[in-house]
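K.L.:
my questions concern the predicted model and sequence given below.
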Amino acid sequence: LSLHDALPILSMLKYTIPGAAALLLATAPQAWALDAQTLWSDWQDVYSRFGGTLTAASEEYSGGTLTLTDVTYETVMGEVTNTAGYGTLTLVEQDDGSVVIEIPATVETTSVTETDGVSIEQTMRMIQDGLTVVAREEDGTRTYDMAADSITVEIDTEAQADEESISPGVVTVAMSNVVSVYRSDVDADGAFSQTLAADTMTVQAAMEDDTGGTVDVSYGMTGITSDLAGNYGDAPTGPILGLSDMGVTYGGDMTHSGSTLSVAGDGPDGPFRLDGTSEAGTLTLDLGADALTYSLTSTGGDMVVQVPGFPVPVNISMAELASGFQIPVGAPGEEQPFGMTVTLRDLTVDDMLWGLFDPTGQLPRDPATLILDLDGTALMSVDLFGNPDAMANLQGPPGELKTLAINQILLTLAGASLRGSGSLDFPTSTPIPEPVGKIDLALDGGFALIDKIVALGFIPVQQAAFVKGMAGAVAKPVGDDQLESTIEFLPGGGISANGLPLK
């Protein structure tokens, strides 16, 4: 119900990032001097670190104004080529030593990406109202002040492959009352930082699926703040095949004070609709030398879902919804960290839905919670962000598991609670990983829950008795309807539960 709700939309933008980065170069310049020509040269240098070439058909300097005509940005990443044109940009030197970057009210660009016989053509329109961008010097740091009443980006994508054309629809991203400050230190490592605030941000998309059904998505946030810092590192000395070759590191977060989501469509089974809100949310992103880490968190979420064929709307609320991933980055051959967290805290559904399958109130209707927190290391056989060709031709998993820490497992549902933690090593290389270590588990209220499910008629008595018997074989009672078990994985593939051999 926050940034989680926007994931389907964000996935549509995966081909827009190279074009968007180039289009916004004028609104977030990186420079080490304040005259117009040096600004332009520094833009070219910075974007070359991303594997691209920034050029202009003509450069005209007169009276303190540099006019760049037919600006073009081309990137080559492996076998993927992207070319985008951005029209005319104007840099105007001021008497106080600052430089004003002038941008037309509407900038329309078209970029074409060619890879493996697939052509992706993307038209982007940036529409701004009251935009000002001023570069100035402040205690040895280049500071860029940007403000706009509104900035809207419309993205229209069309893919062509094997004489078949696919258009996923138009995506519109709009922000209001935007204020941003960008700072760049005057040094060789390209250190930078940026803060941004906006009153609102909306994302709208209209899509059509393979069956001819339509889906309209609208997502909005209020009270947006963002803080980011990092550096560009040294310019690459060889070809850039992916993210790992760029040498860019950064970290930061974005927060909002409330969000709304609306998804409405008409599928083969009939119309459906989802409406949701959240009280606040955070997106955290960190790109380091050996891992890409991001997390999404929403709090105070409510959602109403109406699906075809279901007799009543489904009303859901939750105190917190969060997920996070740590993904290895860098050349293969060394152990690299990975991680995953999933949190669903205090999930509740309304009594109308409970009444459909538990009309007599057999099950406790306490809020449900799920927490999963894992991390570890893996010996990677391929760089996930470095060589697209190697990823495309990958056979089997991208790496070999070396360690796994189960920091927390927690599931509370209908009066029962399951808890777990543990640590495993994978010292030998085998087709099927053979761990060495142990996992501690505890279950409270499990037998009582089974009895209630039997009373509702969902499972027969014989199956319930079998489940209870199996639980008694691998766990020991420590209290009233309380079980604990230590599962130990031994060298050579042996497994025991509370010292009792299972394998």
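P.N.:
Done, it's in.
K.L.:
correct me if wrong: residue 367 contacts residue 349.
P.N.:
No - using Cβ atoms under 8 Å, residue 367 is not in contact with residue 349; the gap is 9.6 Å. Placement of C-beta: from N, CA and C, glycine included.
K.L.:
please enumerate the strands of the stretch 351-500 of the chain.
P.N.:
Secondary structure of the stretch 351-500 of the chain (DSSP state E, counting those that start in this stretch): strands at 368-380, 399-413, 416-425, 436-444, 476-479, 482-489, 495-497, 500-501.
K.L.:
the last one pairs with which strands, parallel or anti?
P.N.:
When you say that, I think you mean strand 500-501. Strand 500-501 sits in its sheet next to strand 495-497 (antiparallel), going by DSSP bridges.
K.L.:
state the mean pLDDT of the strand it pairs with.
P.N.:
Confidence for strand 495-497, expressed as mean pLDDT, is 91.
K.L.:
so how far is it from its chain's centroid?
P.N.:
38 Å (Cα atoms, centre = their mean, to the nearest Å).
K.L.:
got it, and stretch 96-115?
P.N.:
Distance, stretch centre to chain centre, for stretch 96-115: 26 Å (Cα atoms, centre = their mean).
K.L.:
equivalent analysis for stretch 261-269, please.
P.N.:
Centre-to-centre, stretch 261-269 and its host chain are 23 Å apart (Cα atoms, centre = their mean).
K.L.:
so which bits of it are buried?
P.N.:
By neighbour count with 16 or more other Cβ atoms under 10 Å, stretch 261-269 contains the buried residues 261-263, 265.
K.L.:
save the strands of the stretch 351-500 of the chain as a markdown table, and put in mean neighbour count and distance to residue 257 too.
P.N.:
Putting these into a markdown table (neighbours: other Cβ atoms under 10 Å; distance: least, Cβ to Cβ, whole Å) gives the following:
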| stretch | mean neighbour count | distance to residue 257 |
| --- | --- | --- |
| strand 368-380 | 18 | 25 |
| strand 399-413 | 17 | 28 |
| strand 416-425 | 17 | 33 |
| strand 436-444 | 18 | 37 |
| strand 476-479 | 11 | 44 |
| strand 482-489 | 18 | 42 |
| strand 495-497 | 15 | 49 |
| strand 500-501 | 10 | 54 |
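K.L.:
nearest to residue 292, of those strands?
P.N.:
Closest to residue 292 of the strands of the stretch 351-500 of the chain, according to Cβ to Cβ: strand 368-380, at 12.9 Å.
K.L.:
ok, residue 475 - contacts?
P.N.:
By Cβ atoms under 8 Å, 6 or more residues apart in numbering, the contact set of residue 475 is 441, 443, 483-485, 497-498.
K.L.:
at 10 Å what do you get?
P.N.:
441-443, 446, 482-487, 497-498 (Cβ atoms under 10 Å, 6 or more residues apart in numbering).
K.L.:
looking at these, which is nearest residue 320?
P.N.:
residue 442 (22.7 Å).
K.L.:
give me every residue that touches the closest one.
P.N.:
Here residue 442 is in contact with 409, 417-421, 475, 478, 482-485 (Cβ under 10 Å, 6+ apart).
K.L.:
make it 6 Å
P.N.:
419, 484 (Cβ atoms under 6 Å, 6 or more residues apart in numbering).
K.L.:
any idea how far it lies from residue 137?
P.N.:
61 Å (Cβ to Cβ, to the nearest Å).
K.L.:
go on, residue 286?
P.N.:
29 Å.
K.L.:
what about residue 399, distance to residue 377?
P.N.:
Counting by Cβ to Cβ, the gap from residue 399 to residue 377 is 9 Å.
K.L.:
can you check residue 402 too?
P.N.:
5 Å.
K.L.:
return the backbone torsion pair for residue 248.
P.N.:
Taking degrees, to the nearest 10, you get phi -90, psi 130 for the backbone angles of residue 248.
K.L.:
the nearest residue to it once chain neighbours are set aside: neighbour count?
P.N.:
Spatial nearest neighbour of residue 248, excluding adjacent residues (Cβ to Cβ, 6 or more residues apart in numbering): residue 232 at 5.6 Å. When neighbours are defined as other Cβ atoms under 10 Å, residue 232 has 21 of them.
K.L.:
in the host helix or strand of residue 194, what counts as buried?
P.N.:
Assessed by DSSP states H and E, residue 194 sits inside strand 191-208. Neighbour-count burial for strand 191-208, with 16+ other Cβ under 10 Å as criterion, is recorded at 191-194, 196, 198, 200-205, 207.
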